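Participant: Could you work out the structure for the sequence below:
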Amino acid sequence: MEYEPQELEERWRQRWAEEGRYEADPADQPDAGDEETTFVTVPYPYPSGGMHIGHARTYTVPDAYARYRRQRGDNVLFPMAWHVTGTPIVGAVERLQKGEEEQLSVLRDTYNVPEKRLEEMETPMGFAEYFIEEHYKKGMQSLGLSIDWRREFTTNDERYSKFITWQYETLRERGLLEKGLHPVNYCTNEEQPVTTHDLLEGEEAEFQEYTLIRFRGQSPGEGDADRAGASDEQGAVFPMATLRPETVRGVTNAYVDPEATYVRATVDGETWVISADAAEKFDLQDRDVDVETEFDGADLVGSTVENPVTDEEVLVLPAGFVDADNATGVVMSVPAHSPDDYVALQELNERADELTEYGIDPGAVRAIEPIPILSIEGYGEIPAKSAVEEHGITSTDDPALEEATNDLYNAEFHAGVLNDEYGEFAGEVVEDVRDSYREHHTGDAFDTMQEFSEEVICRCGGDVEVAYQETWFLRYNDEAWMEKTKRAIANLDAIPENTRGEYTHTVDWLNEWPCIRNYGLGTRLPWDDEFVIEPLSDSTIYMSYYTVAPHIQDVPVEDLDREFFDTMFYGESAVDDPDETALELGEEWDYWYPVDYRFSGNDLISNHLTFYLYHHAELFPEAKWPGGIVVMGMGLLEGQKMSSSKGHVVLPGEAISEYGADTVRFFLLNASEPWQDYDWREAAVESVNDQLRRFHNRGQELIEEGPPAKGADVDGEPADREALNSVDRWLLSKLQNAIAETTDAMERSETRTATQTAFYGFEEHLKWYRRRADLERPGARWTLRHVLETRLRLLAPFIPFLANELHEQLSGTSAEEAPWPEVDEELRAPGLELEQARVETLVGDIHEVADVTDTDPETVRVYVAADWKRSVFEAVEEAGADVGAVMSEVMSDPELREKGNRVNDLAQDAVEFARNYDEEELSRLLEMDEKAAYENAAPFLAREFDADVEVYTEDDEDVVDPADRAGNAIPFRPAIYLE
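Facilitator: The predicted structure is shown next:
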């Protein structure tokens, strides 16, 4: 039967749907305890666009684990829902309604939305429902995901909103929700706060508090009679932002962008000179800003400003590299300690004559010299100069400049010692006094502002700035809440283990988190329905809602009040009059909870996943806290980052149509471990498809041949176990190893290791077995059928369609209904494995000799080392892998001592050989009858080389050794002669 994956897979999809195969209920195992249930979740999709192959991997990895646990006998719940909260869907609809070409192109060309469906998508839920039904759900079903579809919901459902209402009323009552002024990500286009999920760029940007050095000078137009606003006898403030306030004494000049727009504005009652962009930022950051006049940056060039710490005046110079949209748009230059500034100053010196157009004396520019403010070992008096020269940097365009700057900043922070001019801070290391130095000067000299660590863009296309807003926020910095969350982290099975510290780090830096929006889809804030709870805040405990989602639909919405959910989660003692339905739902929640494993993106540790731990730690008892989290890496497409907006994606439906779901699944699961990045490459996917086709065809051949004639059955053993020879037992031993290794890998969610072991690794063993064994023997036929049946069960989590089909044909039962294979210790034969490894090495050596000597032998003679040589190897077992210790051991034997240098050379060979094996393996090797192993393999060697094969021990009386080769034999590496 030819392998037709689409036809085969559709048959199984229909069968699973008709059977309700993956619908999980407590009634399936009424007496089961927690250890016999497995609850697996993955972040529900946000359907603001279609599902691509990166999403497919996100859902396929947990599916493989869920399938594995079912085969282990667990009652497994793997649900799915849809996250529509927030504004991305609203924004997508607005762009569609406006007829934006880019949006229409993505919908039509990337996601193949039919023209007639576009009108239906001009409402938020119409848009979401299209992608839910036509992309995500169809894609998941096509992939064969073992989801209980009865439990799906959207976060816009009224019953779900009642659940979220309970959550936030509870948190508010416990003092973990407050209202106050707070820095937020603010979209200047939507004019409301946004969160990480709403961002197109800058998802990992962090708030940075800049120190503003309050330089003073005369602003353009200062003193005009018609000027409005405040006056200041000391001149206007020219605030310059820095993360290194201690470098203020090293400022030699300032820079502005001569072509950018700057303003004179009254800021909190003072006159400030800043960029127009900065004025908007200060206004957002709750400062009282009144812009009085605008002018070009060129109007500032040539003026001077006074350093508030040194009282020295510095020149304002022009620089195209100044970003007026970053911080204040006025930049201080510290060329002694900033490689950027040092190189910029050198370049400015070279073109100083050009600055006369600004009225600047070129000599004044060339007179500027770097001012060192600290000393640091490994750098010269001017550290920036040393860094620039060390890296060979000659221009501000040199890519090495960034590395040089970062290296110097890091070195100065940890080891830079401040000079004498710093008074009470002199002689101190920067790291120890930066904060106190800043506090010392805060007031007249220093101020602060917030800025992002990188550019941030909203999905709507608007710029995102740091804004201070009166908002409701979650108190993630509450000490008691932090302590509980850290306990949850400590108890968590973090996969991989090195991610555990990332959760703790997130807890340590999290402060208050704004949890509301001005508009969008989702649950209204219960006590102020003008606001909507934002996406990262309504998605922290929804996993618990899955457990009751099918049943809660029968409860009237008005009954879903605070007491209902208190009863459901906390039991009948939580309220005065417990609702019976709530108690029943609570039993199902209790049966499934906690979530055993959550599979999610590595990038979500810094927000969603840590929030998930926070809320579970607060709202549920410790026994219900998350069991484990497996993080997922990112996907590439032909080496490039996937991008829906640029059309650089592969749709699962198209890939499945071309290759079949099993190929898509197997590639995604085998390409890398889940937490590693992977690269979807068409050539590699085609290769997987070819390999699965060959696997199917070989399986079909075995099935069509039927079981061995002597009554052997695939579910049993040969009537006479003696029918299995050493090669059969070798393969069966390898099979036990594969079972153990695949099981161990799946316990750690290592899908690549599991698939490599069960599929690719074992294919290599089978390749050797087919060469080595007489496949017509009943024992060999039984062995191959037994191996196939076992491997199909091992592979069922990864390629469920093909594995189920072949297993059912072979045994009458689908692979997923058969138990996960267990290791049969009686079939383990480590000695035989070592023996076959020596035979395989011998085959390779014979081929090598034949190639080197260009010989097509009629006779192959194999010479095994004499017993005295084995004695030297046995000494390694006694003395250890140390040549001196081995020589001491063997020289105590008079017979060996007589052999002199031959023993010495052999001892070195023995030690080198022994280092490749552990003690147990070495012991088994030394127990092996090496000559018997080669004699048993002689018929195979004869077939392999189409030659007569003779096996001797080098000192046999009847040894045939025409070329005097026998003496070259050493244990486990026989001498070879071809004739």
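Participant: my read is Glu530 is in a strand, agree?
Facilitator: Yes - Glu530 sits within a strand when classified using DSSP: H, G, I helix; E, B strand; the rest coil.
Participant: List the contacts of it.
Facilitator: By Cβ atoms under 8 Å, 6 or more residues apart in numbering, the contact set of Glu530 is Asn518. C-beta here means a position set from N, CA and C on the backbone, and glycine is covered the same way.
Participant: neighbours of the nearest residue to Asn725 once chain neighbours are set aside, just the number please.
Facilitator: In space, and not counting its chain neighbours, Asn725 is closest to Gly779: 6.2 Å by Cβ to Cβ, 6 or more residues apart in numbering. For Gly779, the count of nearby residues is 22 (other Cβ atoms under 10 Å).
Participant: if we look at the helix or strand hosting Glu764, which residues are touching it?
Facilitator: Remark: Glu764 resides in helix 762-772, with elements defined by DSSP states H and E. For helix 762-772, contacts defined as Cβ under 8 Å, 6+ apart pick out 691, 695, 727, 730-731, 734-735, 738, 783, 787, 791, 836, 839-840, 937, 940, 944.
Participant: A ChimeraX selection for those, restricted to the buried ones, would help me check which they are.
Facilitator: Entered in ChimeraX, the line below selects the buried ones among the contacts of helix 762-772, by 16 or more other Cβ atoms under 10 Å:
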select :695,727,730,731,734,735,738,783,787,791,836,839,937,940,944
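Participant: quick one: the residue nearest the centre of the chain from Val61, how far?
Facilitator: Residue closest to the mean C-alpha point of the chain, counted by Cα atoms, centre = their mean, is Gly633 at 2.8 Å. Gly633 is 10 Å from Val61, where distance means Cβ to Cβ, to the nearest Å.
Participant: any common contacting residues for those two?
Facilitator: Pro674.
Participant: circling back to that earlier point, the residue nearest to Asn725 contacts Arg729, doesn't it?
Facilitator: No - taking contacts as Cβ atoms under 8 Å, Gly779 lies outside contact range of Arg729: 9.3 Å.
Participant: what do those two both touch?
Facilitator: In contact with both Gly779 and Arg729: no residue, using Cβ under 8 Å, 6+ apart.
Participant: how about the residue nearest to Asn725, secondary structure?
Facilitator: Following three-state DSSP, the label given to Gly779 is helix.
Participant: now do Asp447
Facilitator: strand.
Participant: For the closest residue to the residue nearest to the centre of the chain other than its chain neighbours, grab the count of nearby residues.
Facilitator: Nearest residue to Gly633 in three dimensions, chain neighbours excluded: Asp677, at 4.1 Å (Cβ to Cβ, 6+ apart). Asp677 has 13 neighbouring residues, counting by other Cβ under 10 Å.
Participant: I'd say Asp677 and Gly635 touch.
Facilitator: Yes - between Asp677 and Gly635 there is a contact under Cβ under 8 Å: 7.1 Å.
Participant: tell me which element Val876 falls in.
Facilitator: helix 867-879.
Participant: Which of the residues in the helix or strand following that helix are classified as buried?
Facilitator: Per DSSP H and E, the first helix or strand lying C-terminal to helix 867-879 is helix 883-890. Neighbour counts over helix 883-890 (16+ other Cβ under 10 Å) mark 883, 885-887, 889-890 as buried.
Participant: Strands along the stretch 151-300 of the chain, start to end?
Facilitator: Using DSSP state E, counting those that start in this stretch, the strands of the stretch 151-300 of the chain run over 177-187, 192-194, 199-201, 207-217, 236-242, 253-256, 261-267, 270-275, 289-296.
Participant: For the residue nearest to Gly633, list the residues it contacts.
Facilitator: 633-636.
Participant: what phi and what psi does the backbone show at it?
Facilitator: phi -70, psi 150 (degrees, to the nearest 10).
Participant: how near is it to Arg500?
Facilitator: For Asp677, the distance to Arg500 - Cβ to Cβ - is 20 Å.
Participant: again, but for Glu705
Facilitator: 51 Å.
Participant: These two - which one has more neighbours?
Facilitator: Per other Cβ under 10 Å, whichever of Glu705 and Arg500 has more neighbours is Arg500, with 17 against 12.
Participant: element containing the more buried one?
Facilitator: If you go by DSSP H and E, Arg500 is part of helix 500-509.
Participant: and that helix, which residues are buried?
Facilitator: Under 16+ other Cβ under 10 Å, the buried positions of helix 500-509 are 500, 502-503, 506-507.
Participant: Same list, the buried residues of helix 883-890, but as a markdown table with distance to Gly180 and pLDDT please.
Facilitator: As requested, the buried residues of helix 883-890 are exported to a markdown table (distance: Cβ to Cβ, whole Å; pLDDT from 0 to 100):
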| residue | distance to Gly180 | pLDDT |
| --- | --- | --- |
| Val883 | 74 | 79 |
| Ala885 | 73 | 79 |
| Val886 | 75 | 75 |
| Met887 | 79 | 82 |
| Glu889 | 78 | 75 |
| Val890 | 81 | 74 |
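Participant: quick revisit: looking at the strands of the stretch 151-300 of the chain, which is closest to Leu609?
Facilitator: Nearest to Leu609 among these is strand 199-201; the distance by Cβ to Cβ comes to 17.2 Å.
Participant: For Asp715, report the pLDDT, please.
Facilitator: Here the pLDDT value assigned to Asp715 is 50.
Participant: Check Gly520 too.
Facilitator: At Gly520, pLDDT is 87.
Participant: Count residues in the vicinity of it, would you?
Facilitator: 23.
Participant: which regions of the stretch 701-850 of the chain sit below the pLDDT cut-off?
Facilitator: For the stretch 701-850 of the chain, the stretches with pLDDT under 70 are 709-722.
Participant: and what of the chain?
Facilitator: 28-35, 197, 221-233, 644-646, 709-722.
Participant: and the residue nearest to Val256 when sequence neighbours are not counted, what does it touch?
Facilitator: Once flanking residues are discounted, Val256 sits nearest to Gly297: 4.3 Å by Cβ to Cβ, 6+ apart. The contact partners of Gly297, taken as Cβ under 8 Å, 6+ apart, are 256-262, 275, 318, 322, 324, 329.
Participant: from the chain's centre, how far out does stretch 133-146 sit?
Facilitator: 23 Å (Cα atoms, centre = their mean, to the nearest Å).
Participant: in that stretch, what's buried?
Facilitator: Applying a neighbour-count criterion of 16+ other Cβ under 10 Å, one finds 134-137, 139-140, 142-146 buried in stretch 133-146.
Participant: returning to what we had before: and of the buried residues of helix 883-890, the nearest to Glu587?
Facilitator: Ala885 (66.8 Å).
Participant: What is the burial count for the residue nearest to that closest one when sequence neighbours are not counted?
Facilitator: Nearest residue to Ala885 in three dimensions, chain neighbours excluded: Ala879, at 3.8 Å (Cβ to Cβ, 6+ apart). Other residues lying near Ala879 total 19 when counted by other Cβ under 10 Å.
Participant: Then Gly844?
Facilitator: Gly844 has 10 nearby residues by other Cβ under 10 Å.
Participant: now do Met80
Facilitator: For Met80, the count of nearby residues is 21 (other Cβ under 10 Å).
Participant: Check Arg748 too.
Facilitator: By other Cβ under 10 Å, neighbour count at Arg748 equals 17.
Participant: Which residues are in contact with it?
Facilitator: Ile495.
Participant: Run the chain-centre distance for stretch 867-886.
Facilitator: That offset, for stretch 867-886, works out to 47 Å (Cα atoms, centre = their mean).
Participant: Measure how buried the nearest residue to Pro318 once chain neighbours are set aside is and give me the count.
Facilitator: Spatial nearest neighbour of Pro318, chain neighbours left out: Pro258 (4.2 Å); criterion: Cβ to Cβ, 6+ apart. Taking other Cβ under 10 Å as the criterion, the count of residues near Pro258 is 19.
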